[in-house]
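Visitor: Structural data only, the sequence is not supplied:
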């Protein structure tokens, strides 16, 4: 379960990314070493997520089934408002993952 503090931080990050006006599609891939990616525990391969540091990770959580993911079904990568102007791997994961409805 996401704490209120975590939710507010993630909401703020997402809002800031959207407000920046950057294109969210067809940008470069986000690097796991990028400051924001590292802070969110982003991994291009979800199975490599740090399960100790991010205990809310569960098998099956992927960028492609996250509510923030902007790629089309079947795409190898897609945009994410948390990483404005960059793409995330469809099989990736970060701590901002929320189930797509």
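Guide: Here it is on my side, so go on. It should be emphasised that the depicted structure is a prediction, and the values quoted were computed from it without experimental measurement. Numbers count the residues shown, from 1 in each chain.
Visitor: where in this structure is pLDDT low?
Guide: Low-confidence segments of the chain (pLDDT under 70): 1-2, 7, 9, 11-26.
Visitor: can you give me the strands in it?
Guide: 28-29, 77-79, 86-89 (DSSP state E).
Visitor: Setting aside sequence neighbours, what's the nearest residue to residue 42?
Guide: Distance criterion Cβ to Cβ, 6 or more residues apart in numbering; nearest residue to residue 42, sequence neighbours excluded, is residue 94 at 4.0 Å. Backbone N, C-alpha and C define where each C-beta goes, glycine included.
Visitor: What number of residues are in the vicinity of the nearest residue to residue 57 once chain neighbours are set aside?
Guide: Nearest non-adjacent residue to residue 57, counting by Cβ to Cβ, 6+ apart: residue 49, 4.6 Å away. Residue 49: 22 surrounding residues under other Cβ atoms under 10 Å.
Visitor: same question, residue 4
Guide: For residue 4, using other Cβ under 10 Å, the count is 7.
Visitor: The most centrally placed residue in the chain and residue 56: what is the separation?
Guide: Centroid-nearest residue in the chain, with Cα atoms, centre = their mean: residue 94, separated by 4.7 Å. According to Cβ to Cβ, to the nearest Å, residue 94 and residue 56 sit 11 Å apart.
Visitor: cool, and residue 39?
Guide: Distance from residue 39 to residue 56, by Cβ to Cβ: 15 Å.
Visitor: contacting residues for the residue nearest to the centre of the chain?
Guide: Counting by Cβ atoms under 8 Å, 6 or more residues apart in numbering, residue 94 makes contact with 37, 40, 41, 42, 43, 63, 82, 88.
Visitor: can you put those in JSON lines and add distance to residue 30?
Guide: As requested, the contacts of residue 94 are exported to JSON lines (distance: Cβ to Cβ, whole Å):
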{"residue": "37", "distance to residue 30": "5"}
{"residue": "40", "distance to residue 30": "10"}
{"residue": "41", "distance to residue 30": "12"}
{"residue": "42", "distance to residue 30": "7"}
{"residue": "43", "distance to residue 30": "11"}
{"residue": "63", "distance to residue 30": "10"}
{"residue": "82", "distance to residue 30": "9"}
{"residue": "88", "distance to residue 30": "6"}
